[in-house]
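> Predicted model follows, preceded by the sequence.
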Amino acid sequence: MNAATSSNIFMEKARAYFDLTKFRLSATVVFSAAVGFVLGSVVLNYGQLALFALASFLTTAAANVVNQILERDVDKLMKRTADRPLPSGRLSVNEAMVFAAICLVVSQTILLTAFNAKAMGIALLSFVLYGFVYTPLKRKGPVAVAVGALPGAFPPMIGWLAATNQFGFEPGILFAIQFFWQFPHFWAIAWVLDDDYKKAGFKLLPSSGGRNINSAIQIMMYTVVLLPLCWVPMFLGMTGEYSAMLAMLLGVLFLIQTFQLMREVSTKAALRLMYGSFIYLPIVQIAYLIDKL
């Protein structure tokens, strides 16, 4: 084997491990966690922030790897997931398991030694819920979305805990905003990908009828909850009135998209809602950061 061939094999393997982390998804989780860390910091230490971001990424990557190990057979059935490292054969299950273990051990060690046991404990709980509870529940019914919303909402709380070592209303509201946001977010995605999900036996839409008015109404109901929640960080002194007003405006626009879904009951409207959900959370969180800084 010549040097060029060895280099190609190494690069292919490295790419497979990179894909295994679901980098874009993990990066959004890291950003959300970093928001909590910054909001909780009295004096922001950028070195500590970078270290916390690394731990967050590795924890998320470990959970994503467990998810892909357990779903490797059903991933073969869906067009969008068939080329993932495990169903495509680019990595073995043993390689994925070792990688997940390394990511988890390193991340939890960082959180415990550089930050505190509270942050480590919630991060570990998030890993277990996502990898070993949410993942198998996806084939049971929409209860999986409620369970998955828990680890999905933990990142900003973990960030706050890492910065302050204190539970309280502040990390609770960061958790609540992200928790309720996930229902319209996940269900919009499930609506758009329903045909593909059915191939794998995933049942994620809230109504047994799938893409219907009942699902659209439930999506709307969870979106309504975001409107009062967006003011709470201001009342707790975490942010100012400008970010609260922007969050309210975005929440109203987000809600309008759910009304459009209720009127049209179409994949096109669900797709618009999905993109709206992608925009809503990061802009609100950035607004909170700007108010804080």
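Right, received. Where do you want to start?
> residue ranges of the helices in the stretch 51-200 of the chain, please?
In the stretch 51-200 of the chain, the segments counted as helices under DSSP state H, counting those that start in this stretch are 72-75, 93-110, 117-128, 135-137, 143-164, 169-192, 194-200.
> looking at those, which is buried most?
Stretch with highest mean neighbour count among those: helix 143-164 (a mean of 24; mean count of other C-beta atoms under 10 Å). Yep, even glycine has a C-beta here, placed from its N, CA and C like the rest.
> thinking again about what came up before, make CSV from the helices of the stretch 51-200 of the chain and add mean pLDDT to it.
Below are these laid out as CSV (pLDDT from 0 to 100):
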stretch, mean pLDDT
helix 72-75, 88
helix 93-110, 97
helix 117-128, 97
helix 135-137, 89
helix 143-164, 95
helix 169-192, 95
helix 194-200, 82
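> Make a markdown table out of those and add distance to residue 13.
As requested, those are exported to a markdown table (distance: least, C-beta to C-beta, whole Å):
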| stretch | distance to residue 13 |
| --- | --- |
| helix 72-75 | 18 |
| helix 93-110 | 9 |
| helix 117-128 | 24 |
| helix 135-137 | 25 |
| helix 143-164 | 28 |
| helix 169-192 | 30 |
| helix 194-200 | 27 |
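> so which of those comes closest to residue 34?
Closest approach to residue 34 among the helices of the stretch 51-200 of the chain (C-beta to C-beta): helix 143-164, 6.1 Å.
> Not counting its neighbours along the chain, what's nearest residue 137?
Distances taken as C-beta to C-beta, 6 or more residues apart in numbering place residue 144 nearest to residue 137, at 3.7 Å, with adjacent residues excluded.
> got the contact list for that neighbour?
Shown in contact with residue 144 (C-beta atoms under 8 Å, 6 or more residues apart in numbering): 134, 137-138, 203-204.
> Lowest-confidence member of those residues, which is it?
Across those, the smallest pLDDT goes to residue 203, namely 80.
> how many other residues sit next to the nearest residue to it once chain neighbours are set aside?
Excluding its sequence neighbours, the residue lying closest to residue 203 (C-beta to C-beta, 6+ apart) is residue 141, at 5.0 Å. Using other C-beta atoms under 10 Å, residue 141 is surrounded by 14 other residues.
> give me phi/psi at residue 141?
The phi and psi values for residue 141, taken as degrees, to the nearest 10, are phi 160, psi -180.
> per-residue pLDDT, the residue lying closest to residue 139 once chain neighbours are set aside?
Nearest residue to residue 139, sequence neighbours excluded (C-beta to C-beta, 6+ apart): residue 201, at 4.7 Å. What the model reports as pLDDT for residue 201 is 80.
> how close does residue 201 get to residue 50?
The gap separating residue 201 from residue 50 is 41 Å, by C-beta to C-beta, to the nearest Å.
> Report the contact partners of the residue nearest to residue 41 when sequence neighbours are not counted.
Excluding its sequence neighbours, the residue lying closest to residue 41 (C-beta to C-beta, 6+ apart) is residue 163, at 4.6 Å. When contacts are counted by C-beta under 8 Å, 6+ apart, residue 163 is found next to 36-41.
> Contacts only, for the residue lying closest to residue 152 once chain neighbours are set aside.
Leaving out its chain neighbours, the residue that sits closest to residue 152 by C-beta to C-beta, 6+ apart is residue 182, at 5.0 Å. Listed by C-beta under 8 Å, 6+ apart, the contact set of residue 182 reads 145, 148-149, 152-153.
> The nearest residue to residue 21 once chain neighbours are set aside: neighbouring residues, count only.
Excluding the flanking residues, the one nearest residue 21 by C-beta to C-beta, 6+ apart is residue 61, at 4.0 Å. As a burial measure, residue 61 scores 26 neighbours (other C-beta under 10 Å).
> can you check the one 3 residues further on too?
Counted with other C-beta under 10 Å, the neighbours of residue 64 add up to 22.
> Hmm, it is touching residue 23, no?
No - Residue 64 lies out of contact with residue 23 (C-beta atoms under 8 Å); the separation is 9.4 Å.
> Against residue 98, how distant is residue 57?
For residue 57, the distance to residue 98 - C-beta to C-beta - is 18 Å.
> residue contacts, residue 81?
If you count contacts by C-beta under 8 Å, 6+ apart, residue 81 has them with 71, 75, 87.
> so how far is residue 38 from it?
Computed as C-beta to C-beta, the residue 81 to residue 38 distance reads 34 Å.
> What of residue 107?
Counting by C-beta to C-beta - residue 107 and residue 38 are separated by 19 Å.
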